[in-house]
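S.K.: sequence unknown, structure follows:
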């Protein structure tokens, strides 16, 4: 299993980094592909539990989140969300034999979770110096996940959240946070120009990324736990599915976006 994780990372990481570097329509297309694959996994998880998710609404809505952001028409996000809510409500109201209010609510939750959170990855890239900020986000999340995985696997004894994810340990959690903070501080000291922030802001950035990465991971773990599935899919050998691989990024991305947005205002 470990060699599959490493092999998938060696193939996947250059694709992600390359799409961020190219930016523009290339990165937007990459996110469109990923968010639709994630939506497919999310709908599949729920359908296996007997929920009837209106898939057409899901795919169109998450795609429109990315398209609207790409064309910098952010004022349309709220109308899109309300229109999606209305259409799902009407679907549940007049098609009660196939779609329940619960089905509609779970569909809307997934649209906001995936379309909204993946949208922040595009918003972050569109900021001035957005490629650099995105690389910092990716580096922080990957450092966190790697440290938490290997330390937890080797020395993890105390369960961190047994009701949500039995394999996660307190040791792995602290390793993820501590490792991210330590590496960011070391880089900022050894290569001062690489992270143009003072030490206090570097610590806040690293802490924020690692904490929100853990929360994102726990959120997806809770979803899988409650739906009685191990992985969101098997599309990425050794890692599971798109949701399994991108879960940490989905909550860390908004934090990094607002962090640098605020920094740029000062």
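M.R.: All right, it came through fine. Bear in mind that the values here come from a model prediction, so they are computed numbers and not experimental data. Residues are numbered from 1 along each chain as shown.

S.K.: use CA for all of it now, contacts and neighbours both
M.R.: Will do.

S.K.: Mind pulling the model confidence for residue 259?
M.R.: What the model reports for residue 259 is a pLDDT of 95.

S.K.: actually residue 7, not the one I wrote
M.R.: Model confidence at residue 7 (pLDDT) stands at 64.

S.K.: longest strand of this protein?
M.R.: strand 165-169 (DSSP state E).

S.K.: neighbouring strands for it, and are they parallel or not?
M.R.: strand 159-161 (antiparallel) (DSSP bridges).

S.K.: Stretch 197-215: which residues count as buried?
M.R.: Using 16 or more other CA atoms under 10 Å as the test for burial, stretch 197-215 gives 202-203, 205-215.

S.K.: next one: stretch 86-106
M.R.: 88-89, 91-92, 99-100, 103-106.

S.K.: From those, which land in strands?
M.R.: Reading strands off those, I find no matches (DSSP E).

S.K.: among those residues, which are in helices?
M.R.: Among the buried residues of stretch 86-106, DSSP state H puts 88-89, 91-92, 103-106 in helices.

S.K.: from the residues you listed, which two are the most distant?
M.R.: Within those, two members stand farthest from each other by CA to CA: 91 and 106, at 13.3 Å.

S.K.: elements contacting the strand or helix carrying residue 218?
M.R.: Counting by DSSP states H and E, the element that carries residue 218 is helix 199-226. Counting contacts by 3 or more CA pairs under 8 Å, 6 or more residues apart in numbering; DSSP states H and E, helix 199-226 packs against helix 130-155, strand 165-169, helix 170-190, helix 242-265.

S.K.: Report the rounded mean pLDDT for stretch 34-47.
M.R.: Stretch 34-47 comes out at a mean pLDDT of 91.

S.K.: buried set for that stretch?
M.R.: 34-46.

S.K.: what do you get for stretch 11-25?
M.R.: 17, 19-21, 23.

S.K.: how far away is residue 243 from residue 91?
M.R.: The gap separating residue 243 from residue 91 is 27 Å, by CA to CA, to the nearest Å.

S.K.: Equivalent analysis for residue 224, please.
M.R.: From residue 224 to residue 91 the distance is 26 Å (CA to CA).

S.K.: go on, residue 12?
M.R.: 38 Å.

S.K.: Provide the backbone phi and psi angles at residue 196.
M.R.: phi -80, psi 60 (degrees, to the nearest 10).

S.K.: and it, what is it in contact with?
M.R.: When contacts are counted by CA atoms under 8 Å, 6 or more residues apart in numbering, residue 196 touches residue 188.

S.K.: any weak-confidence spans in the stretch 101-250 of the chain?
M.R.: The model of the stretch 101-250 of the chain has pLDDT under 70 over residues 156-157, 160-162, 166, 231-240.

S.K.: quick revisit: ok, the buried residues of stretch 197-215 vs residue 259, which is closest?
M.R.: Nearest to residue 259 among the buried residues of stretch 197-215, with distances taken as CA to CA, is residue 205, at 7.5 Å.

S.K.: residue contacts, the closest one?
M.R.: 256, 259.
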